[in-house]
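> no FASTA, just this:
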């Protein structure tokens, strides 16, 4: 399976992944502050990631990732969600995605390469998402806003 086919498969299962994510949030003691939200609200963020994964993984999305997750950090701070739970939510979203990918298995070296390529792109996306979320959270908590990364060198060496 090629990388783009794998991404499309994930996007096609966005609702299943979202339902599983909501269940994991409900069951996680590390996500206690999120338990006050309804299922739809809990699922919105995960659904956005899973349903639009291809867009998020593009290098050109850096500005959009920065703005979206900066605002997420600000919102979660104003909602008084502990930062550790905000970051854990992002990590849980990524873990949920990888559990799904692992269940798909691979039959060929090409499948393995595609899976590894996707893993690298997803890790880069979530690294950027966490960085910008924390930056927005800190800003809402009264700290200074970090300088914008897209005006500097790329977030990752080589891209």
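Thanks, I have it. Computed from a prediction, not measured in an experiment: that's the story for all the values here. Residues are numbered from 1 along each chain as shown.
> Now do the strand or helix carrying residue 117, average pLDDT.
Per DSSP states H and E: residue 117 is located in helix 109-140. pLDDT averaged over helix 109-140 equals 86, rounded to a whole number.
> Next, the buried residues of it.
Residues of helix 109-140 classed as buried under the neighbour-count rule (16 or more other CB atoms under 10 Å) are 111, 114-115, 118, 121-122, 124-126, 128-140. Placement of C-beta: from N, CA and C, glycine included.
> so where's the protein shaky on pLDDT?
Low-confidence regions of the chain, defined by pLDDT under 70, span residues 1, 105-112, 144-159.
> Now do the helices in it.
3-12, 14-27, 39-51, 53-57, 62-78, 83-104, 109-140 (DSSP state H).
> Pipe these into TSV and attach distance to residue 33 per row.
Converted to TSV, the helices of the chain look like this (distance: least, CB to CB, whole Å):
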stretch	distance to residue 33
helix 3-12	27
helix 14-27	10
helix 39-51	12
helix 53-57	25
helix 62-78	9
helix 83-104	5
helix 109-140	13
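> and residue 78, how many neighbours does it have?
Neighbour count of residue 78, defined by other CB atoms under 10 Å: 11.
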